[in-house]
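Engineer: Quick one, fold the following:
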Amino acid sequence: MLRFVPPRFILIMFRDIRWRIAIPYVALILIVMGGLVVYTTQKGREAQIQILQDNLLVEASGVADVARPFIVESDVAGSNALAQHWSELLNRRVTIIAADGTVLGESDKDPAQMENHANRPELIQAKGTGQGTSIRYSRTLATNMLYAAVPVKAGGEIVGFARLALPLQQVQTNVGELQRAIVTAAVVAAIAAIILAVLLAGRITRSVRRLTQVAGRLATGDLDARSYLSTADDLGDLSKAFNYMADGVVITDDLGRVTLINPAASRLLHANDKQPIGRSFAELAWHHELIELWQRACEGHEEDEAVIELGLQDTFLRMIVSPLETSGQQACLVILQDLTRIRRLETVRRDFLSNISHELRTPLAALKALVETLHDSALDDPPAARRFLEQADGEVDALTQMVEELVELTRIESGKVPLLLQETKIQDVILPPVERLRSQRKRHHLKLILDLPDDLPPVLSDASRTQRVVGNLLHNAIKFTPDGGAITIGARVQSDGLYVIISVRDTGTGIPAAELPRIFERFYKADRARSSGGTGLGLAISRHLVQAQGGQIWAKSKAGKGSTFFFSLPVAARDQPAV
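Structural biologist: Residues are numbered from 1 along each chain as shown. Just a heads-up that it's a prediction; the model follows:
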């Protein structure tokens, strides 16, 4: 029994993951394009024929009106002259036929030599339904023809027929032109899709190969291997996971000297500029807690571990020391894991819980005090009761605002807030919040300066979201600027021309330098001067909204000398579609 054996090059191709990804997509594209060409061509042919049929029937009706007297009189000469005349006018074959099928007039042949047409399909159909069409081979003209016939009536009776015909060669020509256009477009689209499929498959497989190489090096003990994929997808996450696997490793001998150290350990112990091999671990580690843990585990011949904070570098290390025996000699394996990022995340989480507890405690305590006052005595004093209820209503509003902003911040961070990014003028994101806060600014007698050049390019932005960012920054500037101060809102193009930078500068109380790195955290309030009122969420929301639009936000300030907040938005390309 014969068995099909694929060619060797096909087997080699299918061993390559790039072609295993690309070939099914290419095959699917070709099948879809081929089916589209066949379907579109067929529909185009049907549409062409339908248009021609409709035109022929309308023209045949016109011929029938003028042919009626000639058919009634059985005037062969008149009918023949009429057929010749209308054929020249319409560029159609015209036939005048009596009710019994006798040809009275014909534009393309002598009617006396033509056979009876009573059994022609178009005449039978016209007699029954009022109009008839057919496509068939004409023995008279030796070509495929499209026929259309209508009855000619006199006194309510059918006295004959007017028939027009057109060679299908014109239809085939039109369909051929349409088919060539469709095939050309399909080929171009298929080539583009195939190239894109191959490129995407190649990009994926290159990343996979890099990760495979890193995994292989790690498996053979090469802990220096690193993956540098920075894509925001599953491959990027896998790359980070491989890098996390490459912890710092140090091996010391029975005399405490370093016999092996990888770059990760050198980096964590700040030994990159030293020659660690052969040196004492105590000299290399320098931190007393690291040294004590290593000595305790090596001398006690028991595995030990601890998390140690290196205060000078603000670094957290997890250190695991395991005694080893190699060739009858005592050695120790030291594994170092950098937990700094994890600890920082824990700190942020702890601070968040502490801050939200504090923020909720204040309005809840105020509400409780107001309710107790109302319950004890204020109900008997209507003016006082009304005042307490108004205060309670204000505290409820503050709680509501806090919850709404927390919900919105969570939605923004999770990517569930849809952004309509489109070409937007800078004035359209700055002027509405300026107008909205006009009365609040005037109440504090603050001067507002707008520095917006006329030649600023449009940005790619969600106008309503960016207006909220400007509103938050302007509200803070008004809030923390003493009466009679000034606020300046400006915009300029970044030196590389890719971003527009918007700034809000005030002459207010300023922010201490040590607090600047944390002002965009949730609930974070820099100092007492900037802690009155508000939820502490406005800047966090602003940061996420700006970053979601492809920009950055930052601040510069000196205590007592005012603050300037900046954020950038990408310049919109002229052909940039809405997102």
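Engineer: Quick one: name whatever helix or strand follows the lengthiest helix in the chain.
Structural biologist: Using DSSP state H, we find that the single longest helix of the chain is helix 17-72. Per DSSP states H and E, the first helix or strand lying C-terminal to helix 17-72 is helix 76-90.
Engineer: and the spatially closest residue to Val258 that is not a sequence neighbour, what is it in contact with?
Structural biologist: Once flanking residues are discounted, Val258 sits nearest to Pro276: 5.0 Å by Cβ to Cβ, 6 or more residues apart in numbering. In short, each C-beta sits where N, CA and C put it, glycine included. Residues near Pro276 by Cβ atoms under 8 Å, 6 or more residues apart in numbering: 258, 261, 266, 269, 284.
Engineer: which secondary structure elements does the longest helix of the chain contact?
Structural biologist: Helix 17-72 sits against helix 8-15, helix 76-90, strand 93-98, strand 103-106, strand 132-138, strand 143-154, strand 157-167, helix 169-219, with contacts defined as 3 or more Cβ pairs under 8 Å, 6 or more residues apart in numbering; DSSP states H and E.
Engineer: Report all helices and strands that the fourth one contacts.
Structural biologist: In other words, strand 103-106. helix 17-72, helix 76-90, strand 93-98.
Engineer: Let me see the ranges of the helices in the stretch 401-550 of the chain.
Structural biologist: Along the stretch 401-550 of the chain, counting by DSSP state H, counting those that start in this stretch, helices occupy 426-436, 438-443, 463-479, 538-548.
Engineer: Make CSV from those helices and add distance to Lys558 and mean pLDDT to it.
Structural biologist: Listed next are the helices of the stretch 401-550 of the chain as CSV, based on distance: least, Cβ to Cβ, whole Å; pLDDT from 0 to 100:
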stretch, distance to Lys558, mean pLDDT
helix 426-436, 25, 92
helix 438-443, 23, 88
helix 463-479, 15, 90
helix 538-548, 18, 85
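Engineer: Switch those helices over to JSON lines; also include distance to Arg136 and mean neighbour count.
Structural biologist: Shown next, in JSON lines, are the helices of the stretch 401-550 of the chain (distance: least, Cβ to Cβ, whole Å; neighbours: other Cβ atoms under 10 Å):
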{"stretch": "helix 426-436", "distance to Arg136": "67", "mean neighbour count": "17"}
{"stretch": "helix 438-443", "distance to Arg136": "82", "mean neighbour count": "12"}
{"stretch": "helix 463-479", "distance to Arg136": "65", "mean neighbour count": "21"}
{"stretch": "helix 538-548", "distance to Arg136": "67", "mean neighbour count": "21"}
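Engineer: Among these, which comes closest to Gly155?
Structural biologist: Between Gly155 and the helices of the stretch 401-550 of the chain, the shortest separation by Cβ to Cβ is 75.2 Å, and it involves helix 463-479.
Engineer: Strands along the stretch 451-579 of the chain, start to end?
Structural biologist: In the stretch 451-579 of the chain, the segments counted as strands under DSSP state E, counting those that start in this stretch are 459-461, 486-493, 499-506, 553-557, 563-570.
Engineer: returning to that earlier point: any chance of the helices and strands packed on strand 103-106 in CSV, plus mean neighbour count and distance to Ala149?
Structural biologist: Formatted as CSV, those follow (neighbours: other Cβ atoms under 10 Å; distance: least, Cβ to Cβ, whole Å):
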stretch, mean neighbour count, distance to Ala149
helix 17-72, 16, 6
helix 76-90, 18, 13
strand 93-98, 26, 8
